[in-house]
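K.L.:
Sequence first, predicted model second:
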Amino acid sequence: MPDLNTKPMALIARLQQTTKEINGELCTSFEHYKLTDASFDVLATLLRAGPPHSLSPSELLEQMHITSGTMTTRIDKLEKKALVKRKTKKHDKRSVSVALTKKGLKLIDEVILEHVKTQEKIVSVFDQEEQFIFNALLEKYLAHSVNKKK
């Protein structure tokens, strides 16, 4: 089909391959700490919340954009490793929060430094101007994509 425009196909295929490569590299660094990208995501979200590094399950869901079943599974696995703890609020026993344990905070503090180094390595193929342009183009696409869904 010589008249078929395959340029979008080539661009999308490169984006998909790039995503696979990046995810593979990030997951490799998480494996060193016996974490998955999913468990890292929970720990990093709790870290970003700031002291006392605690959020309700609904706050975690809102920030992470995953289903409640997925969230429960992630929290259960992290709790078994003693990295997070569910806490019932004193005034309302039905209300629960999820918090980093001391062990969890120590681990995520360590992992986040490694994660940033890995991210820097991944984008180092681009100079600062190229990174800025690439980021702007991706922001443009995402803004268009989000607006299209509304």
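P.N.:
Structure's in. What do you need? Keep in mind it's a predicted model, so treat the numbers as computed, not measured.
K.L.:
Which parts of the chain are helices?
P.N.:
Residue ranges of the helices in the chain, as given by DSSP state H, are 7-31, 37-48, 57-64, 68-80, 102-123, 128-149.
K.L.:
what's the closest of the ones you listed to residue 91?
P.N.:
Evaluated with CB to CB, the helices of the chain place helix 57-64 nearest to residue 91, the distance being 17.3 Å. Just so you know, the C-beta spots here come from the backbone N, C-alpha and C atoms, and that holds for glycine as well.
K.L.:
which regions of the chain sit below the pLDDT cut-off?
P.N.:
92-93, 146, 149-150 (pLDDT under 70).
K.L.:
most centrally placed residue in it?
P.N.:
With distances taken as CA atoms, centre = their mean, the residue of the chain nearest its centroid is residue 41 (4.3 Å).
K.L.:
For that residue, give its distance to residue 29.
P.N.:
Separation of residue 41 from residue 29 (CB to CB, to the nearest Å) stands at 14 Å.
K.L.:
Kindly report the same for residue 114.
P.N.:
Residue 114 is 5 Å from residue 29, by CB to CB.
K.L.:
And those two? Which one has more around it.
P.N.:
Set side by side, residue 114 and residue 29 show more neighbours around residue 29, with 18 against 13, by other CB atoms under 10 Å.
K.L.:
Now that one. Nearest residue, chain neighbours left out?
P.N.:
The shortest distance from residue 29 to any non-neighbouring residue, by CB to CB, 6 or more residues apart in numbering, is to residue 118 (4.7 Å).
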